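Engineer: missing the sequence, but the structure's below:
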């Protein structure tokens, strides 16, 4: 039996996009984090959203390509991660990762309820 990819278990592109939309709405309205987007145009916000969706889809094994920054530095074979990167990116990645973990847990819980009801 072939196991579904994480991308498929999360519900595919539409589900990941919906979670991203919910997350970004919360971040934009957060008193501390919303300032990162203050003054951004609608086009800039749409681009940020699409980068997050594409990143999460590709990271989960989906048929989407992330075209954002690759974190490679000017030193061959060295990539920047963690606190040396922009804090906004770190905050978004952490929040999206936590949201993805919660979505997987919720999906597993609902599945266990359905299985228990059938038994």
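Structural biologist: Here it is on my side, so go on. What you see is a predicted model; the values in this text were computed from it and never measured.
Engineer: Below-threshold pLDDT in the chain: ranges please.
Structural biologist: Across the chain, residues meeting the criterion (pLDDT under 70) sit at 1, 69-91.
Engineer: which helices and strands does the top helix by length along it pack with?
Structural biologist: Ranked by residue count, the top helix of the chain under DSSP state H comes out as helix 87-118. Judged by 3 or more Cβ pairs under 8 Å, 6 or more residues apart in numbering; DSSP states H and E, helix 87-118 is in contact with helix 6-10, helix 12-29, helix 42-59. C-beta here means a position set from N, CA and C on the backbone, and glycine is covered the same way.
Engineer: could you check the angle helix 12-29 makes with that helix?
Structural biologist: 130 degrees (axes from the mean of the first three to the mean of the last three Cα atoms, to 10 degrees).
Engineer: Turn the helices and strands packed on helix 87-118 into JSON lines, columns for distance to residue 96.
Structural biologist: Shown next, in JSON lines, are the helices and strands packed on helix 87-118 (distance: least, Cβ to Cβ, whole Å):
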{"stretch": "helix 6-10", "distance to residue 96": "12"}
{"stretch": "helix 12-29", "distance to residue 96": "6"}
{"stretch": "helix 42-59", "distance to residue 96": "6"}
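Engineer: Minimum distance to residue 111: which of the ones you listed has it?
Structural biologist: helix 6-10 (9.7 Å; Cβ to Cβ).
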